[in-house]
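**Q** I would like to see how this sequence folds:
(one chain, ligands or ions: 3)
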Amino acid sequence: MMSSNIASGGIGAVWSTIKHAHKQTGVIRAARALLAMNSETGFDCPGCAWPEPKHRAKLEFCENGAKTLMNATTKKVLDEKFFGAHSIAELVSWSDYALTTVGRLVLPLMKQENHEYFKPISYNEAFEVAQSWFSQIKGKERAVFYTSGRASNEAAFLYQLFARCFGTNNLCDCSNLCHESSGVALNNTIGVGKGTVQIDDFVEAQVIFLIGHNPSSNHPRMLTTLREARKNGALVVVINPMFEPGLKKFRHPQDLFDLVGPAKEIASHYFQVRVGGDLALFNAVAWWILKSANSDESILDREFINQHTEGFPDFKERVLSLPIDDLIDRAGVTLAEIEIIARLIAEHDRVIYAWGMGITQTTYGVNAIKAIVNLALLRGHIGELGAGLCPVRGHSNVQGNRTVGITEKPSEDFLHRLEKVFNFTPPTKHGLDVVDSISAMTEGQVELFMALGGNFLSASPDTEKTSAALKSVDFAINVATSLNRTHLVAGKNALVLPCLTRVERDIQSGLAQITSVENSMGIVHASRGHFAPIREGLHSEIAIIAQLAKRVLGPSTIDWQSYNDDYARIRDSIAACIDDFYDYNERLKNPDGFLLTNLCARRQFPTPSGRAQFFIPHAVASETSEHDLLLTTIRSHDQFNTSIYGLNDRYRGVKNERQVVFINEEDIKRLGLKAGMRVDLKSCHQGVLRTAYGFRVHQYNIKPGCAAAYFPEANVLVPLESVAYESNTPTSKLIPIFIKPSDASMPARSDGAAAPCNLSMAELAGYGPSRK
Ligand SMILES: Nc1nc2c(c(=O)[nH]1)N[C@H]1C(S)=C(S)[C@@H](COP(=O)(O)OP(=O)(O)OC[C@H]3O[C@@H](n4cnc5c(=O)[nH]c(N)nc54)[C@H](O)[C@@H]3O)O[C@H]1N2
Ligand SMILES: Nc1nc2c(c(=O)[nH]1)N[C@H]1C(S)=C(S)[C@@H](COP(=O)(O)OP(=O)(O)OC[C@H]3O[C@@H](n4cnc5c(=O)[nH]c(N)nc54)[C@H](O)[C@@H]3O)O[C@H]1N2
Ligand SMILES: [Mo]
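**A** Ligands and ions are numbered 1, 2, ... in the order given. Predicted coordinates for the structure are as follows:
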């Protein structure tokens, strides 16, 4: 069990950073890298999307950003000898940890059908091979282009232009698995799919909600912001089924006084909601506020509601008719707790609502976010200093990728602009998102898969189904910095094209190039490479896309080579297509970058009616089938998504392993289990049984009836067909499971195709005493 005096940050963070630096980069090179990162003339942290504060510390980084950076600046390379010595089949058997830490990709690689080894080739040979593959495709929509959120605005814009010139909108991305639910919910309510706050708002806020996210591991620099807010008297309210020790106490790792003094409290309030219970919880809070408003109207912001919103009367009527006992039962909290949360909202004018994956990756995730927006609208907590909505983004440029056109559902307006600026007819039919791409692959409708970064296989749900889907594709092209499972599995024939990382100098036609990114708060700023490339001749992502486009598209109205030679020209083209990027090159010279227009922050809502929409909740039918526990999948402190930097999860007390399942003491007893024992986890969806074998029971302070296991190890349990309504995001945070002690005769880890579910519900319940 965790100890209650664990604090996030502190000496532990410093020590962990040094240890990692020592293994990956060397301590001096690491120190140089850390000094350049997030400085005004350096590069953007390749980790998360949390913004830099206006007054930057000399060293502006966090432990986890530092680990991501160490991996990018490692001196270990995968050379000819490496690929001669290890077959693809052997590499597939390696753990994600081993693949992450073995070294950088520096050689273009080719896999040919039925060959056991990757063959190193030159970039030029690779482009020729790719050209011949593209020319064989029987239909343009039979190609899928995936993007992870680390590409710069310039690379992302060029990539979508290439895909659309080729003839498809199949531009799925990691957002489909991440904040898609936020985009959908915010677009439908306030008219813009982004947050409304700036970092300064946190310092002014009276109350800050942290809903379903764990900044102590995933956005550690946010803790510095929260600490400032606490100093100014703000209350920080956590809503999370797991007790996250790192959210309770914090020591700033770059502040000497903080390292030795008492740890600072972050969370002032902690509510342990049931997994998937957030929609019910926020509806119950709205119920309490509206009911109280019957006797005291002043707790509503009537002026805001009248001037800026639509749908209030229907909303009020519906919410007051909701069965409150049912809501609190689903939320797994008491009415007294609902009252405390409601009062925090009703009695304060400056409230920020921040949320993450705990909300977006659930069946009713879109509605849960709309229910959060309802609360902000009731109280006018939007577009005022210290108040607003804050979806906390993941990848460092995931928001920017969307802004510059990475989406399978482009707006008509954007396509018209592309047509006008580039003189070609872009496809108008909407493309495939991640889940639909996997289904299309399974049905034999995809011939070519290309990925600009990311790890499509391990990031997607239903690992075994996704693996089979990727294997069925004829051709796969992965542009990447380090080796991962997708590169080993995707495509009967495959290319892996290594590229520069953001931290390396990118020289084209003799000139050092800059790129740009957009952070979680809509600020676009420049990023400059600092280190010499790990290998001479290593191409940038932009160079790879431009060279590929030149060859695949042949004579074109677009001068791809000029984009390759000078990235400022790409920015000019972005500005020609998206008004908000006017004077892009000029404005990028400002060391703090520039802010994209956010109408909602000015209380202007670009919805069809010009008003923010109240969401009218439905009475929700039971969302889960029979189960032993509701499983959520989470990140450890030592990973960045599918890159596993270490095997510890410091704050949660896990050491040297990842096959663990977090269960409450009460449930361990109820299910006849013992802490420390190995168990198999089973999910059954639409008649298909999925199993994750051999997880160790870790007794933990998690909401009774709920369990947690790490992503990507538990992805095998997430059914491809189980998605959030409206956003089609896999429900990685809400998986009903059965659990039973491991059968020693079963394989130690999940390895086969999903077996048909030939057990009856009653037999399945035998996996442990059922809850009901
Ligand atoms: N170091 C590091 N930093 C990262 C990443 C990383 O892997 N490592 N990933 C990046 C990316 S792409 C993203 S999207 C973000 C992710 O950052 P987070 O959104 O923090 O992601 P998760 O670790 O998935 O955290 C989910 C949190 O939600 C809680 N939770 C689970 N289920 C529920 C639920 O039903 N309701 C509520 N209220 N809470 C729930 C979990 O207990 C956990 O604390 O971080 C980014 N930053
Ligand atoms: N069960 C479950 N599944 C989840 C989640 C969950 O919480 N639970 N979270 C989801 C979320 S929020 C996300 S965002 C996705 C993440 O999905 P992805 O973004 O696809 O996955 P990553 O692990 O971030 O991708 C890492 C790989 O990107 C490559 N890479 C790193 N830097 C660069 C670069 O600069 N350029 C290029 N070209 N390549 C680079 C490296 O090869 C590395 O192996 O996973 C999702 N999957
Ligand atoms: Mo993400």
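**Q** May I see the domains of this protein written out as residue ranges?
**A** 77-176+397-508+530-577, 180-391, 629-764 (automatic domain parsing).
**Q** tell me how far stretch 690-697 is from the chain's mean position?
**A** 24 Å (CA atoms, centre = their mean, to the nearest Å).
**Q** and what of stretch 571-581?
**A** 26 Å.
**Q** Buried residues, that stretch. List them.
**A** Within stretch 571-581, the residues scored as buried using 16 or more other CB atoms under 10 Å are 571, 572, 573, 574, 575, 576, 577, 578, 581. All C-beta spots, glycine's among them, are computed from the backbone N, C-alpha and C.
**Q** And for stretch 370-387?
**A** Neighbour counts over stretch 370-387 (16+ other CB under 10 Å) mark 370-384, 386-387 as buried.
**Q** ok, and for whichever strand or helix holds residue 343, which residues are buried?
**A** Under the criterion of DSSP states H and E, residue 343 resides in helix 335-346. For helix 335-346, the neighbour count (16+ other CB under 10 Å) marks 337, 338, 341, 342, 344, 345, 346 as buried.
**Q** same question, stretch 65-76
**A** Residues of stretch 65-76 classed as buried: 65, 66, 67, 68, 69, 70, 71, 72, 73, 74, 76 (neighbour count, 16+ other CB under 10 Å).
**Q** Backbone dihedrals for residue 685, please?
**A** phi -140, psi 130 (degrees, to the nearest 10).
**Q** Need the nearest residue in space to it, chain neighbours excluded.
**A** Take residue 685 and drop its neighbours on the chain: the residue closest to it by CB to CB, 6 or more residues apart in numbering is residue 719, 3.8 Å away.
**Q** and this structure, which residues reach ligand 3?
**A** 178, 394 (CB under 5 Å from the ion).
**Q** All the helices of the stretch 551-700 of the chain, residue numbers only.
**A** 560-565, 567-577, 584-587, 665-670 (DSSP state H, counting those that start in this stretch).
**Q** Ligand 2: which of those helices is closest?
**A** Across the helices of the stretch 551-700 of the chain, ligand 2 has its closest neighbour in helix 567-577 (15.1 Å, CB to the nearest ligand atom).
**Q** pLDDT (mean, whole number) over that closest one?
**A** Helix 567-577 comes out with an average pLDDT of 98.
**Q** Packing partners of that helix?
**A** If contacts are counted by 3 or more CB pairs under 8 Å, 6 or more residues apart in numbering; DSSP states H and E, helix 567-577 sits against helix 153-166, helix 412-422, strand 514-518, helix 560-565, helix 584-587.
**Q** Might you name the residue of the stretch 451-600 of the chain sitting closest to ligand 3?
**A** Relative to ligand 3, the nearest point of the stretch 451-600 of the chain is residue 459 (8.5 Å; CB to the ion).
**Q** quick one: that residue and residue 319, what's the gap?
**A** 36 Å (CB to CB, to the nearest Å).
**Q** next one: residue 201
**A** 27 Å.
**Q** Let's verify the nearest residue in space to residue 44 that is not next to it in sequence: helix, strand, or coil?
**A** Nearest residue to residue 44, sequence neighbours excluded (CB to CB, 6+ apart): residue 527, at 4.1 Å. Under DSSP: H, G, I helix; E, B strand; the rest coil, residue 527 falls in the strand class.
**Q** what does the stretch 501-650 of the chain have sitting close to ligand 2?
**A** Remark: the part of the stretch 501-650 of the chain in contact with ligand 2 comprises 501, 502, 541, 633, 641, 642, 643, using CB under 6 Å from any ligand atom.
**Q** Helices of the stretch 101-250 of the chain, residue ranges please.
**A** Going by DSSP H, counting those that start in this stretch, the stretch 101-250 of the chain shows helices at 123-136, 153-166, 180-189, 199-204, 215-218, 220-231, 245-248.
**Q** try the stretch 301-450 of the chain
**A** Assigned by DSSP H, counting those that start in this stretch, the stretch 301-450 of the chain shows helices spanning 302-308, 312-321, 324-331, 335-346, 357-360, 365-378, 398-403, 412-422, 434-442.
**Q** May I see those arranged in TSV, with distance to residue 495 and mean pLDDT as well?
**A** Compiled in TSV, these are given as follows (distance: least, CB to CB, whole Å; pLDDT from 0 to 100):
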stretch	distance to residue 495	mean pLDDT
helix 302-308	52	98
helix 312-321	53	97
helix 324-331	48	95
helix 335-346	52	98
helix 357-360	32	98
helix 365-378	36	98
helix 398-403	22	95
helix 412-422	26	98
helix 434-442	18	98
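**Q** Go through these and name the closest to residue 281.
**A** helix 324-331 (3.8 Å; CB to CB).
**Q** Flag every buried residue along that closest one.
**A** So helix 324-331, judged by 16+ other CB under 10 Å, has buried residues 324, 327, 328, 330, 331.
**Q** neighbouring contacts of that helix?
**A** 273-274, 277-281, 283-284, 287, 334-335, 338, 620 (CB atoms under 8 Å, 6 or more residues apart in numbering).
**Q** Which of those fall in strands?
**A** Assigned to strands by DSSP state E, none of the contacts of helix 324-331 qualify.
**Q** So which bits of the stretch 151-300 of the chain are right by ligand 2?
**A** 174, 177, 178.
**Q** again, only this time at 8 Å
**A** Selection of the stretch 151-300 of the chain residues close to ligand 2 by CB under 8 Å from any ligand atom yields 151, 174, 175, 177, 178, 179.
**Q** Need the buried ones from those residues selected in PyMOL.
**A** Selecting the buried subset of those in PyMOL, with 16+ other CB under 10 Å as the burial test, is done by:
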select buried, resi 151+174+175+177+178+179
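**Q** tell me the contacts of the residue nearest to residue 44?
**A** So residue 527 contacts 42, 43, 44, 152, 502, 514, 515, 516, 517 (CB under 8 Å, 6+ apart).
**Q** wait, the fifth one sits on residue 46?
**A** Yes: in this structure, residue 502 is within contact of residue 46 by CB atoms under 8 Å, at 5.2 Å.
**Q** more crowded one of those two?
**A** Neighbours were counted for residue 502 and for residue 46 using other CB atoms under 10 Å; residue 502 has more, 26 against 22.
**Q** contacting residues around that one?
**A** 43, 44, 46, 72, 150, 152, 515, 527, 529.
**Q** And the helices and strands packed on helix 567-577: which comes nearest residue 681?
**A** Going by CB to CB, the one of these nearest residue 681 is helix 153-166, 36.5 Å.
**Q** burial measure for residue 270, as a count.
**A** Residue 270 sits with 15 neighbouring residues when counted by other CB under 10 Å.
**Q** phi, psi of it?
**A** Backbone torsions for residue 270, taken as degrees, to the nearest 10, come to phi -140, psi 120.
**Q** hey, what's the closest residue to it other than its chain neighbours bridged with?
**A** Once flanking residues are discounted, residue 270 sits nearest to residue 238: 4.8 Å by CB to CB, 6+ apart. Note on residue 238: beta-bridge partners by DSSP bridges are residue 210, residue 270.
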